[in-house]
Structures are given as C-alpha cells and as structure tokens.
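Asker: coords below, sequence missing:
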C-alpha cells in the first residue's frame, strides 16, 4: 500500500512539472485545493493507464521497439498521456493535453521526473 502511495505521489509530482513547463498541458480549477485534488485523481488515472494498458501496447509493438532501438517508447508514453487526458475528460476532471507533440515532450518530462522521484522516494511496502 505504501508503494502505491509513493508511486502516485511521484506521478503527481511528474505531472505537475510537465504542467508547469508546458503551456499546452493544462490543469484548471476554482481553487488550489480543487487543483490539488484533480492532480491526485489524474495521477491515479495515469498510474492505472501505465499499469493496465502500457504493457499490452509494449508487447504489441515489440517489433517496432526492436526496429527503432527503443525510440518507440517516446510515442507510447505520449499515447498514454493522451489517453489519460481523454479519460480525465470523461470523468470531468480539468486536465488536458493539447496535441501529439506536446504529449511527446510531456511524456519525456514525466518519465525523467518520475524516475528521479522514484530514486529519491522510499520504495518499501
């Protein structure tokens, strides 16, 4: 349970950095508390998408992964971020990613920040 909480906090932090750096990734709300709650919910959705969908997509794109020497991972991360944006819209959360190239850059930022946070944060269950 603790590991799940740490990963969700790392996802939220990584999403927050991407929102801060890229103007086409937006998180809106009436108050800071509402924005924080939306960010946590979006981080949960992002974690579920990465846990459930990403392994299947990676398996299906294994030949492309080998052919591109792993660069297809950038596209997969972008697609997972766009899927998260779409799901957030379905749940009426105020999170939006505008465009594929923004998603590619956002996915790259989120991957780097999330990796750094997972190195720093504890990993005990």
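Answerer: That came through fine. The structure presented is a predicted model; accordingly, all values stated were derived computationally and were not measured.
Asker: switch to C-alpha atoms for all contacts and neighbour counts from now on
Answerer: OK.
Asker: give me the element residue 81 is part of.
Answerer: If you go by DSSP states H and E, residue 81 is part of helix 72-90.
Asker: which stretches in the chain count as strands?
Answerer: In the chain, the segments counted as strands under DSSP state E are 25-27, 95-97.
Asker: so which of the ones you listed is the most surrounded?
Answerer: The highest average neighbour count among the strands of the chain, using mean count of other C-alpha atoms under 10 Å, belongs to strand 95-97 at a mean of 22.
Asker: that one - what's its average pLDDT?
Answerer: Averaging pLDDT along strand 95-97 yields 95.
Asker: in its sheet, which strands sit next to it, and in what direction?
Answerer: Based on DSSP bridges, the strands next to strand 95-97 in the sheet, each with its direction, are strand 25-27 (antiparallel).
Asker: for residue 84, which non-adjacent residue is closest in space?
Answerer: Nearest-residue entry for residue 84: residue 46, 5.6 Å, with adjacent residues in sequence omitted and distances by C-alpha to C-alpha, 6 or more residues apart in numbering.
Asker: any idea how far the one you found is from residue 54?
Answerer: Counting by C-alpha to C-alpha, to the nearest Å, the separation of residue 46 from residue 54 is 10 Å.
Asker: so between these two, which is more surrounded?
Answerer: Set residue 46 next to residue 54 and count neighbours by other C-alpha atoms under 10 Å: residue 46 wins out with 23 against 18.
Asker: okay, that one: pLDDT?
Answerer: According to the model, residue 46 scores 93 on pLDDT.
Asker: I'd like to know how far residue 70 sits from residue 76.
Answerer: In this structure, residue 70 lies at 10 Å from residue 76, with C-alpha to C-alpha as the measure.
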